[in-house]
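> kindly return the folded structure for what I paste below:
(one chain, ligands or ions: 1)
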Amino acid sequence: MKAQEWIERLPEQFVVYETTPISPSAYKGIAFIGMGGSGIVGDVIKLFLEKDGVAVPVLSLRGYELPPYVREDWLLVAISYSGNTEETLSVVDEGIKRGLKIVCVSSGGKLKEIAQREGLDFVAVPSNYAPRYAFGFMLSAVMSLFGKKDTIERIRKHLEENKGEIKETAYRIAQVIQNYIPIVYSTPLTEPIAFRWKTQINENSKTLCYIATLPELHHNEVAGLDNPITRNLCHFIILWDPEDHPRVKKRVQITEGLLKELGLVPIVLQGKGATLEERFLYLAYLGDWVSLYLAEFYGYDPLPVRVIDRIKKTLNE
Ligand code: F6R
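All right, here's what the predicted structure looks like:
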């Protein structure tokens, strides 16, 4: 299947997995580990759990190490589409040593072998995708673990209903930001979406893209707007959510005003939908399409990520 078809059929990936539900309060804390297209799943579920009022700390980890305070009474959820990502495997290894409860989500690879050998819970997602195009499968698997089954169904329906509009909007955005470096500003409720936009633009469109989040960006990033030589190379996008903190919403308006004063017309977007999860996936799906259209405009095949593959190969030598 081609990248375009995978993205076209993303809504179908929102399916409920029959898994034993996890009760977050049974643990002292929950840590998600994953990298790249798999790592983002941890960021998203952390945000959803926190919005639901989860009572224990939730971490979304990237890298080789498990923080020292993550002990045997924590839950570790390891997500790696290929099952072969060394950072994720390193954290799982440490988790096993510390006696954590571990759940693995993967299409196979070493992670599956380790889960079988060590008797860890394992949730299989369909194989033969590139990891970033299996985002819906991995997110659904993890959401199923946390009992968010109705939400999964609602997301699928919502994305299917709005796909036409999303594609049209994405096409227009891609036309506008073409030939500029996209800078995606977010809020606490849209931060993982901005990250997904960045990584999809990096990997699919083979293009640099940078992100910053409110309110933090009001304490540094904005000073960088003074220089017209660099700011004029960029096109700005602001992603926000109606449920963001009122002061954050005020800061969105201020940021939009600041950019306009400088003659930079930002694209300000909020997701469509009745719930945070629907709006969230609406904006994330919009970013997927923007990255695909940008790839088309620049003449790149969205699928191969030669540099990433080369680095992985070099590390294995
Ligand atoms: C490739 C991609 C990458 C991978 C990352 C980790 O499509 O998106 O960001 O997701 O290199 O690999 P996995 O997901 O197999 O653990």
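> make it CA atoms for all contacts and neighbour counts henceforth
Will do.
> give me the number of residues near the residue nearest to Tyr133 when sequence neighbours are not counted?
The shortest distance from Tyr133 to any non-neighbouring residue, by C-alpha to C-alpha, 6 or more residues apart in numbering, is to Trp6 (6.2 Å). Around Trp6 there are 17 other residues, counting by other C-alpha atoms under 10 Å.
> so Trp6 touches Arg132, yeah?
No. Contact criterion C-alpha atoms under 8 Å: Trp6 and Arg132 do not qualify, at 9.9 Å.
> re the thing from before, show me what the one helix or strand the residue nearest to Tyr133 maps to is packed against.
Using DSSP states H and E, Trp6 sits in helix 3-8. Applying 3 or more C-alpha pairs under 8 Å, 6 or more residues apart in numbering; DSSP states H and E, one finds that helix 3-8 contacts helix 276-298.
> which elements pack onto the helix it packs on?
helix 3-8, helix 149-177, helix 191-205.
> and among those helices, the most buried is which?
Highest mean neighbour count among these (mean count of other C-alpha atoms under 10 Å): helix 191-205, with a mean of 24.
> elements contacting that one?
Packing partners of helix 191-205 (3+ C-alpha pairs under 8 Å, 6+ apart): helix 36-51, strand 181-186, strand 210-213, helix 276-298.
> so what's the gap between that helix and the chain middle?
8 Å (C-alpha atoms, centre = their mean, to the nearest Å).
> what's it in contact with?
36-37, 40, 43-44, 132, 184-186, 207-211, 213, 239, 280, 283-284, 287-288, 290-292, 294-296, 298, 300-303, 305 (C-alpha atoms under 8 Å, 6 or more residues apart in numbering).
> mean confidence (pLDDT) on that helix, please.
For helix 191-205, mean pLDDT rounds to 98.
> what's the answer for stretch 150-160, then?
The average pLDDT within stretch 150-160 is 98.
> close to the ligand, is stretch 61-77?
No. For stretch 61-77, no contact with the ligand is found by C-alpha under 6 Å from any ligand atom; the gap never falls below 10.3 Å.
> export that stretch as CSV, just CAs?
Below are the C-alpha coordinates for stretch 61-77, written out as CSV (Å, rounded to 0.1, in the frame of the first residue of the first chain):
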residue,chain,number,x,y,z
LEU,A,61,9.5,8.7,27.9
ARG,A,62,11.9,8.8,25.0
GLY,A,63,15.4,7.6,25.2
TYR,A,64,17.3,4.7,26.8
GLU,A,65,16.7,5.2,30.5
LEU,A,66,14.0,4.7,33.1
PRO,A,67,14.0,7.5,35.7
PRO,A,68,15.2,6.2,39.1
TYR,A,69,11.9,6.8,40.9
VAL,A,70,10.0,4.4,38.5
ARG,A,71,9.9,1.3,40.7
GLU,A,72,8.2,-2.1,40.8
ASP,A,73,4.8,-0.6,41.7
TRP,A,74,4.6,1.3,38.4
LEU,A,75,3.2,0.2,35.0
LEU,A,76,5.4,0.4,31.9
VAL,A,77,3.7,0.5,28.5
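> contacts for that stretch, please.
Under C-alpha under 8 Å, 6+ apart, the answer for stretch 61-77 is 27-35, 39, 42, 86-88, 90-92, 94-95, 98-105.
> which ones among those lie within strands?
Ile30, Ala31, Phe32, Ile33, Lys101, Ile102, Val103, Cys104, Val105 (DSSP state E).
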